[in-house]
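A.B. asks: Predicted model and sequence below, questions to follow.
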Amino acid sequence: MPATRSSRGFQPLRAVLLTALTLLLLSTGLTATASAAPRFGYGEGRTEMFSDPRWLSLPLRDVRRLVEFDIRSHPEKIAALDQWMGAAQATNSRVLLAIDHSWSPGRLTAKPTVAQYTSLIRWLKGRYPGWNRLTPWNEANFRGQPTHNNPKLAWQYYAAAKRTCTGCTVTSPVILVGAGISTRWLQQFKRFERGRIKLWAIHNYGDANRGSSLGLARFQRMVKGRIWITEAAGWVQFLGGDYLYDEQRAATAISRVFKMARSSSRVDLVFFYQWRGTDDRSARWDSGVLNQDGSPRLGYHALVSGLGA
């Protein structure tokens, strides 16, 4: 629109203000060339989140779900994944799938061969043509995973994922980090990785829930590249008696996640985990921001506040 006489009269003042603002930004390091603020998403295996008005009202369209490596042997699990992927598509969500161990009794430590793993990725690509983001293995350094004592196998899964998932964004296998978690597994994994991974996936519950930043800081010193925190949460309750039910503690941890993510120029995507919690006070894990009946917990308000910031 052509400038009116009135608007032209303000041009010198506008120029002065813009110059002053630019100098201020340069002095504080907050220029347009600074790293972009991290994005936030949600990880949840249950489909009802996608139709929840509380979730739909939030700016969260990056979503994550685990997929058992032997899913093709269980028609009911295929049906559940189909339903979840359909709901994600209906809400225009961007999906990150993470391959996990089998949850079937007696198969918790079973592991696919590289050929079987490759076949699984091809099957997923064929079944969900629009899907293009993959984490090769979930929590690869966790003692309950078949890769726990085999960093080489975790690398082989990563290499197979990169070869097979054409057109995909492929993260590293998920690595648990935290002040109290050993770095030995990562050091061994790096012997195979040799600086080739440019996008790392981590879970850092320890720092957020214990009021530390040592785990993330140490991890950033050990690797190069961007970082996705693919699970983050406040523990409402955890490990039975270790962390008894406490909504305020969980809400504080969620606020720490936002602060931690925004303090690092390398973290560019964070997925919170678990939408609805449980009424079972003996549960070993509950990081839901809603109660089982859908009513909000303190963590939900911390989530809304953090996203608004």
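C.D. replies: Nice, I can see it. On a predicted model such as this, the values are computed, not experimentally measured, just so you know.
A.B. asks: List the residues that contact the closest residue to residue 245 other than its chain neighbours.
C.D. replies: What sits nearest to residue 245 in space, not counting adjacent residues and going by Cβ to Cβ, 6 or more residues apart in numbering, is residue 237, at 4.6 Å. From N, CA and C alone the C-beta is placed, and that goes for glycine too. Residues in contact with residue 237 (Cβ atoms under 8 Å, 6 or more residues apart in numbering) are 243, 244, 245, 246, 281, 283, 285, 286.
A.B. asks: Could you give the bridge partners of the first one?
C.D. replies: Applying DSSP bridges to residue 243 gives these bridge partners: residue 238.
A.B. asks: Check it and give its pLDDT.
C.D. replies: For residue 243, the pLDDT comes out at 92.
A.B. asks: With the last one instead?
C.D. replies: The predicted local distance difference test score for residue 286 is 98.
A.B. asks: Dihedrals phi and psi, it?
C.D. replies: Per-residue torsions, residue 286: phi -160, psi 110 (degrees, to the nearest 10).
A.B. asks: Just give me the neighbour total for it.
C.D. replies: 22 (other Cβ atoms under 10 Å).
A.B. asks: Would you confirm that it contacts residue 235?
C.D. replies: Yes: counting by Cβ atoms under 8 Å, residue 235 is a contact partner of residue 286 at 7.5 Å.
A.B. asks: which of the contacts of residue 237 has the most neighbours?
C.D. replies: Neighbour-wise, these (other Cβ under 10 Å) top out at residue 286, 22 neighbours.
A.B. asks: For it, list the residues it contacts.
C.D. replies: Taking Cβ under 8 Å, 6+ apart, one finds 235, 236, 237, 238, 245, 274, 277, 278, 280 in contact with residue 286.
A.B. asks: Also residue 56?
C.D. replies: Residue 56 neighbours (Cβ under 8 Å, 6+ apart): 50, 91.
A.B. asks: Same question for residue 224.
C.D. replies: 195, 198.
A.B. asks: From residue 196, how far off is it?
C.D. replies: Here the criterion is Cβ to Cβ, to the nearest Å. By it, residue 224 lies 10 Å from residue 196.
A.B. asks: swap in residue 242?
C.D. replies: From residue 242 to residue 196 the distance is 38 Å (Cβ to Cβ).
A.B. asks: more crowded one of those two?
C.D. replies: Under the criterion of other Cβ under 10 Å, the comparison of residue 242 against residue 196 puts residue 196 first, with 12 against 9.
A.B. asks: how close does that one sit to residue 190?
C.D. replies: 10 Å.
A.B. asks: who wins for neighbours among the contacts of residue 286?
C.D. replies: Neighbour max across the contacts of residue 286 (other Cβ under 10 Å) = residue 236, 28 neighbours.
A.B. asks: Ramachandran coordinates for it?
C.D. replies: phi -70, psi -40.
A.B. asks: now the strands for the stretch 1-150 of the chain?
C.D. replies: 39-43, 62-68, 94-100, 133-135 (DSSP state E, counting those that start in this stretch).
A.B. asks: What is the last one packed up against?
C.D. replies: If contacts are counted by 3 or more Cβ pairs under 8 Å, 6 or more residues apart in numbering; DSSP states H and E, strand 133-135 sits against strand 94-100, strand 169-170.
A.B. asks: Give the buried residues for the longest one.
C.D. replies: Going back to what we said before, that points to strand 94-100. Residues 94, 95, 96, 97, 98, 99, 100 are the ones in strand 94-100 that count as buried (16 or more other Cβ atoms under 10 Å).
A.B. asks: Return the closest of those with respect to residue 109.
C.D. replies: Minimum distance to residue 109 across the buried residues of strand 94-100 is 12.4 Å, recorded for residue 100 (Cβ to Cβ).
A.B. asks: That closest one and residue 70 touch, don't they?
C.D. replies: No: at 10.1 Å, residue 100 does not count as touching residue 70 under the criterion of Cβ under 8 Å.
A.B. asks: who touches both of those two?
C.D. replies: In contact with both residue 100 and residue 70: no residue, using Cβ under 8 Å, 6+ apart.
A.B. asks: can you put the strands of the stretch 1-150 of the chain in CSV and add mean pLDDT and distance to residue 298?
C.D. replies: Output for the strands of the stretch 1-150 of the chain, formatted as CSV (pLDDT from 0 to 100; distance: least, Cβ to Cβ, whole Å):
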stretch, mean pLDDT, distance to residue 298
strand 39-43, 98, 18
strand 62-68, 98, 23
strand 94-100, 98, 27
strand 133-135, 98, 30
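A.B. asks: since we're on residue 141, how many residues are nearby?
C.D. replies: 25.
A.B. asks: Quick one: residues contacting it.
C.D. replies: Contacts of residue 141 (Cβ under 8 Å, 6+ apart): 147, 148, 151, 175, 176, 181, 185, 186, 189.
A.B. asks: In terms of model confidence, name the weakest of those.
C.D. replies: The member of the contacts of residue 141 with the lowest pLDDT is residue 181, at 92.
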